[in-house]
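Chemist: sequence isn't available, so here's the structure alone:
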């Protein structure tokens, strides 16, 4: 791969002579419809697209597809129409022909039963639209939690030169003089309402203040985490993860991304040349230092898995032990994404992590990660990114747990947990599913104490289905009203990246796959020891075998059809990224490797 594929573009303004001297592009002759006559196929294609007013000159240019994920249901993507126009401008200034096309779009709050259930569908849709339509490169515009992972999964499989663009975070709002933002503060105020600390009038008032602009959540939730990881991976332009959705910076980044897509088309730089094992190791390192969303580990596993790269949870945990959390943003810290942008963006963190990164990893602008870090503005007095000597949290944000309750692993966001609960032994209070949780969690007669362990079963990839973000089990109302703020909570589901608490997630195998979590009963004792990576159920194997036999005769139900059937037949467990089995080739390498830096 050329490291100088921008050089001929004269500051992203390619002229026709230079284009002809570069790697030939296929344009409208790419991926012809099968009529048995290639010349007729091209003739027919050009005839129809000329109905939209294109000239032969325009149709002779490199074609850059632009995935348009705008939806009236998706406030996180409210600025997409403007970004599409900015990308188009960049493409045309660089001598290409931009063509936007729609794909599935997902918003966390507008997807039933959960957006994770539809992430793989969006990945399939995006991948096949890239494969089916003529384009020499593609610009993928996403933002809300599952959209960027779906797009990167698609890009990894489709193999077409790709530039990722994110919609950017919303600005923080203000409630009675206090800065607020989605969605950590959504959860904080809702917990206060459940605990009778604020009344209905105030909860309705704050509801108007939490999302003051379009854009993704303003904290280090899944959307912000994935934006930072996409930049770290090198599939997005440097310093493009943090610009707020409503800033002019975001439009300029989109224009530059359009021009970069033309350069990639000419150079033939495909995602597998950027998304290397070194790039994923960098991303894992940054995930830990961000105090980032636990969801991102599933998404990185899925993206890497599309390229035959497997993630070793034990090695990831060793990486965590030597990687401090440096990002002082909610929910692990105090700030918001706009603060990080003013502090120099992601390069400020990458600069601090330089000794731990693969600096020679190549990025889409033709420069290495190290070169991009060196070229970024260095702000000395910023307060958002801590130094290695003064971390927010001494170890990485995520720890991996094993034990007889999680034979294939579980995780905990230790940077957002309560220190006094990191070693804990308690009596299980079990909910068999979401309906049971909804029916009993606020029952004043619920037999529960603050020292107990809340267990939620059957919310894994198959059990829910779709592994919803219900792992953030609410504190029972009878305890919340007494001032209890946190308890150990365990499930085979996920938790929003914006949430905090001592919450064990992604327990695998899940309950619906016969995992031990489904065998837990009220009154069993569970021990958690994060320092020693242990999660154990204090029930002997003979009793567990008897419980397992009891469950065997309970299976059944109506036959499944359509996407639900595909999902249930193909979905993999959390440690394999919850991707579809048919989309994941046999792994050829396993990361993180020894001596990752």
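Modeler: That came through fine. Treat the numbers as computed from the prediction; the structure is a model and nothing was measured. Numbers count the residues shown, from 1 in each chain.
Chemist: return the helix or strand in this protein with minimum mean pLDDT.
Modeler: One helix or strand of the chain scores below all others by mean pLDDT, DSSP states H and E: helix 16-21, with a mean of 40.
Chemist: ok, then the element right after that one?
Modeler: On the C-terminal side of helix 16-21, the nearest following helix or strand under DSSP states H and E is helix 38-49.
Chemist: roughly how far out does that following helix sit from the chain middle?
Modeler: 39 Å (C-alpha atoms, centre = their mean, to the nearest Å).
Chemist: check stretch 530-541 too.
Modeler: 29 Å.
Chemist: low-confidence ranges, the stretch 1-150 of the chain, go.
Modeler: By pLDDT under 70, the low-scoring segments of the stretch 1-150 of the chain are 1-22.
Chemist: quick one: the strands in the stretch 201-350 of the chain, in order.
Modeler: For the stretch 201-350 of the chain, the strands defined by DSSP state E, counting those that start in this stretch occupy 309-311.
Chemist: where along it do the helices fall?
Modeler: Assigned by DSSP state H, counting those that start in this stretch, the stretch 201-350 of the chain shows helices spanning 222-233, 248-267, 271-274, 277-290, 295-305, 313-321, 337-342, 346-352.
Chemist: most tightly surrounded among those helices?
Modeler: The highest mean neighbour count among the helices of the stretch 201-350 of the chain, using mean count of other C-beta atoms under 10 Å, belongs to helix 222-233: a mean of 30. Glycine gets a C-beta too; all of them are placed from N, C-alpha and C.
Chemist: how far is that helix from where the chain is centred?
Modeler: Counting by C-alpha atoms, centre = their mean, helix 222-233 is centred 7 Å from the centre of its parent chain.
Chemist: how about stretch 29-41?
Modeler: Centre-to-centre, stretch 29-41 and its host chain are 37 Å apart (C-alpha atoms, centre = their mean).
Chemist: returning to what we had before: which of the helices of the stretch 201-350 of the chain sits closest to residue 562?
Modeler: In terms of C-beta to C-beta, the element of those nearest to residue 562 is helix 295-305, at 22.0 Å.
Chemist: out of everything not next to it in sequence, what's closest to residue 478?
Modeler: Residue nearest to residue 478 in three dimensions, not counting chain neighbours: residue 444, with 5.6 Å by C-beta to C-beta, 6 or more residues apart in numbering.
Chemist: do I have it right that the one you found meets residue 476?
Modeler: No. Using C-beta atoms under 8 Å, residue 444 is not in contact with residue 476; the gap is 9.2 Å.
Chemist: give me the next element, helix or strand, following the longest strand belonging to the chain.
Modeler: Longest strand in the chain by number of residues, with DSSP state E as the criterion: strand 423-431. Per DSSP H and E, the first helix or strand lying C-terminal to strand 423-431 is helix 434-440.
Chemist: please name every helix or strand in contact with that following helix.
Modeler: Packing contacts for helix 434-440, counted by 3 or more C-beta pairs under 8 Å, 6 or more residues apart in numbering; DSSP states H and E, involve no helix or strand.
Chemist: mean confidence score for it?
Modeler: Helix 434-440 shows a mean pLDDT of 97 in the predicted model.
Chemist: what's downstream of it, the next helix or strand?
Modeler: Beyond helix 434-440 in the direction of the C-terminus, DSSP H and E gives the next helix or strand as strand 453-456.
Chemist: and that following strand, what does it pack onto?
Modeler: Helices and strands touching strand 453-456, by 3+ C-beta pairs under 8 Å, 6+ apart, are strand 423-431, strand 488-491, strand 525-529.
Chemist: the same query, at a cut-off of 7 Å, please.
Modeler: strand 423-431, strand 488-491 (3 or more C-beta pairs under 7 Å, 6 or more residues apart in numbering; DSSP states H and E).
Chemist: neighbouring strands - and their directions - for the shortest one?
Modeler: Strand 488-491 has the following strand partners under DSSP bridges: strand 453-456 (parallel), strand 503-508 (parallel).
Chemist: how far does stretch 552-570 sit from its chain's centre?
Modeler: With C-alpha atoms, centre = their mean, you get 27 Å for stretch 552-570.
Chemist: that stretch: end-to-end distance?
Modeler: For stretch 552-570, the first-to-last residue distance is 22 Å (C-alpha to C-alpha, to the nearest Å).
Chemist: any buried residues in it, and which?
Modeler: For stretch 552-570, a neighbour-count test (16 or more other C-beta atoms under 10 Å) marks 566, 567 as buried.
Chemist: before we move on, back to that, make a markdown table out of the helices of the stretch 201-350 of the chain and add mean pLDDT and distance to residue 32.
Modeler: A markdown table is the format used below for the helices of the stretch 201-350 of the chain (pLDDT from 0 to 100; distance: least, C-beta to C-beta, whole Å):
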| stretch | mean pLDDT | distance to residue 32 |
| --- | --- | --- |
| helix 222-233 | 98 | 32 |
| helix 248-267 | 98 | 18 |
| helix 271-274 | 98 | 23 |
| helix 277-290 | 98 | 33 |
| helix 295-305 | 98 | 29 |
| helix 313-321 | 96 | 44 |
| helix 337-342 | 96 | 43 |
| helix 346-352 | 98 | 40 |
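Chemist: for residue 61, which of these is the nearest?
Modeler: Among the helices of the stretch 201-350 of the chain, the nearest to residue 61 by C-beta to C-beta is helix 248-267 (8.7 Å).
Chemist: report all helices and strands that that closest one contacts.
Modeler: Applying 3+ C-beta pairs under 7 Å, 6+ apart, we find helix 248-267 packed against strand 63-68, helix 80-93, strand 137-142, strand 162-166.
Chemist: quick one: contacts for residue 544?
Modeler: Under the criterion of C-beta atoms under 7 Å, 6 or more residues apart in numbering, the neighbours of residue 544 are 516, 519.
Chemist: hang on, it in a helix?
Modeler: Yes. Using DSSP: H, G, I helix; E, B strand; the rest coil, the assignment for residue 544 is a helix.
Chemist: let me know the pLDDT of residue 355.
Modeler: With respect to pLDDT, residue 355 scores 96.
Chemist: what does residue 472 give?
Modeler: Per-residue pLDDT puts residue 472 at 94.
Chemist: verify the stated contact: it with residue 498.
Modeler: No. Applying C-beta atoms under 7 Å, one finds residue 472 not in contact with residue 498, separated by 9.3 Å.
Chemist: just give me the neighbour total for residue 457.
Modeler: By other C-beta atoms under 10 Å, the residues close to residue 457 number 26.
Chemist: that one and residue 425, how far apart?
Modeler: 20 Å (C-beta to C-beta, to the nearest Å).
Chemist: if we can go back for a sec, for the residue nearest to residue 478, grab phi and psi.
Modeler: As for residue 444, its main-chain torsions (degrees, to the nearest 10) stand at phi -60, psi -20.
Chemist: wait, it sits on residue 481?
Modeler: No. Taking contacts as C-beta under 7 Å, residue 444 lies outside contact range of residue 481: 9.8 Å.
Chemist: neighbour count: those two, which is higher?
Modeler: Between residue 444 and residue 481, counting by other C-beta under 10 Å, residue 481 is the more crowded of the two (14 against 8).
Chemist: if I pick that one, what's in contact with it?
Modeler: With contacts defined as C-beta under 7 Å, 6+ apart, residue 481 is in contact with 195, 196.
Chemist: same question for residue 47.
Modeler: With contact set as C-beta under 7 Å, 6+ apart, residue 47 has no partners.
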